[in-house]
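Engineer: Build me a structure from this.
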Amino acid sequence: MRRIASRASTLLSAPVLFIAMGGARAQLDTPSPRLNGIAHVAIRVHDLAASVAFYQKLGFQKAFDVIDNGAPTEAFIKINDTQFLELYPATPKDPAASFLHVCFEGSDLEAIRQDYEGRGLTPAATQNGAGGDQIFTLTGPVQPFGPQIIEFVRYLPDSLAGTDIGKHLGPDRVADKLVAVSLAMDDPEAARDFYINELNFKPISGDPMDLHMPGNSGQEIEIVPASLGSHAHLTLNAPSLGRASRHLHREGVAVDKNGESLTITDPDGNTLLLETR
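Structural biologist: From the prediction side, this is the model:
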């Protein structure tokens, strides 16, 4: 009798367990709120003035600085109204030039943060960043220099970025959009799983380590082995490679041409790949 009762109990509880598991999977598979695109990539540089001057040779203008105690602690190089290169100067405490973090833009930042909490992640609370925008951060997979810091931003109308709309858009800039960022990871497969299963990025057909971000931006991250090291590797859209090449030649910037792309290396060894997309 005991065996029969136990078997009946198991059979009765199985549908309940199935329903519970199905509910959990349904919650996990709920699409994340869309991201608008890549907002910025942060890089620490050896010589801030020299790096700003280099990017100005590419036609990019400095939109604004963040000043602390009379000295710039960040310089924002403008790609377009919603995308920047965020340059930090090396300091005695942090002397090494390196890639620091990638930042994604979202319109409803709190909905994005709560969605990640619902997936079992632990994003930091939303706060005001140095530029006056809303931001929160999330710890991601391990990179060669430590756990990844992923930043998320919502631009506000009265922030430094918001009040710079339509300004500092150099007519000779060699590219008009940041379309992909390569992320060096200690364990690329685990990092890929994190971005797909936790952040709802989508693998691109034919290249499993290239992932589309949620939404319609068409922008990507590329998961690469740790051998890329601490340098940034960025892909930008150049409306005209011929015009970009001629501009770089006039400015005396070295360029490697490889098929339908141009490669530029900045003073700290970071790579910019120009393509027409």
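
Engineer: Just give me the residue right at the centre of the protein.
Structural biologist: With distances taken as CA atoms, centre = their mean, V102 lies nearest the centre of the chain, 3.2 Å away.

Engineer: Got phi/psi on that one?
Structural biologist: V102 adopts backbone torsions of phi -110, psi 150, taken as degrees, to the nearest 10.

Engineer: Check for me that A190 belongs to a strand.
Structural biologist: No - applying DSSP: H, G, I helix; E, B strand; the rest coil, one finds A190 to be helix, outside a strand.

Engineer: my guess is it meets Q148, correct?
Structural biologist: No - in this structure A190 lies outside contact range of Q148 using CB atoms under 8 Å: 11.5 Å. (Each C-beta comes from the backbone N, C-alpha and C, glycine too.)

Engineer: So between the two, which is more surrounded?
Structural biologist: More neighbours surround Q148 than the other of A190 and Q148, with 20 against 12 (other CB atoms under 10 Å).

Engineer: Could you pull up the residues touching the more buried one?
Structural biologist: By CB atoms under 8 Å, 6 or more residues apart in numbering, the contact list for Q148 reads H101, T139, G140, P141, V142, L183, M185.

Engineer: Just the pLDDT for L28.
Structural biologist: If you check L28, the pLDDT there is 49.

Engineer: what are the C-alpha coordinates of stretch 265-275, in PDB please?
Structural biologist: Extracted C-alpha coordinates of stretch 265-275, given in PDB (Å, rounded to 0.1, in the frame of the first residue of the first chain):
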ATOM      1  CA  THR A 265      45.500  52.100 -34.900                       C
ATOM      2  CA  ASP A 266      45.400  54.900 -32.300                       C
ATOM      3  CA  PRO A 267      48.400  56.000 -30.100                       C
ATOM      4  CA  ASP A 268      47.600  53.400 -27.400                       C
ATOM      5  CA  GLY A 269      47.200  50.400 -29.800                       C
ATOM      6  CA  ASN A 270      43.400  50.400 -30.000                       C
ATOM      7  CA  THR A 271      42.000  49.400 -33.400                       C
ATOM      8  CA  LEU A 272      39.300  51.100 -35.500                       C
ATOM      9  CA  LEU A 273      38.000  49.100 -38.400                       C
ATOM     10  CA  LEU A 274      36.100  51.200 -41.000                       C
ATOM     11  CA  GLU A 275      33.600  49.400 -43.100                       C
END
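
Engineer: list the buried ones in the helix or strand where Y55 lies?
Structural biologist: Secondary structure from DSSP states H and E places Y55 in helix 48-57. Residues of helix 48-57 classed as buried by neighbour count (16 or more other CB atoms under 10 Å): L48, S51, V52, F54, Y55, Q56, K57.

Engineer: what kind of secondary structure is H40 in?
Structural biologist: H40 ends up strand, using three-state DSSP.

Engineer: Which residue, other than its chain neighbours, is closest to it?
Structural biologist: Using CB to CB, 6 or more residues apart in numbering and skipping the chain neighbours, the partner closest in space to H40 is F84 (4.2 Å).

Engineer: was I right about the one you found contacting V66?
Structural biologist: No - using CB under 8 Å, F84 makes no contact with V66, being 11.7 Å away.

Engineer: what about those two, which has more around it?
Structural biologist: F84 (29 against 16).

Engineer: Return the residues in contact with the more buried one.
Structural biologist: Contacts for F84 (CB under 8 Å, 6+ apart) come out as A39, H40, A63, F76, I77, K78, A161.

Engineer: okay, the angle between the helix or strand it falls within and helix 48-57?
Structural biologist: Using DSSP H and E, F84 maps to strand 83-89. With axes from the mean of the first three to the mean of the last three CA atoms, to 10 degrees applied, the angle from strand 83-89 to helix 48-57 works out at 150 degrees.
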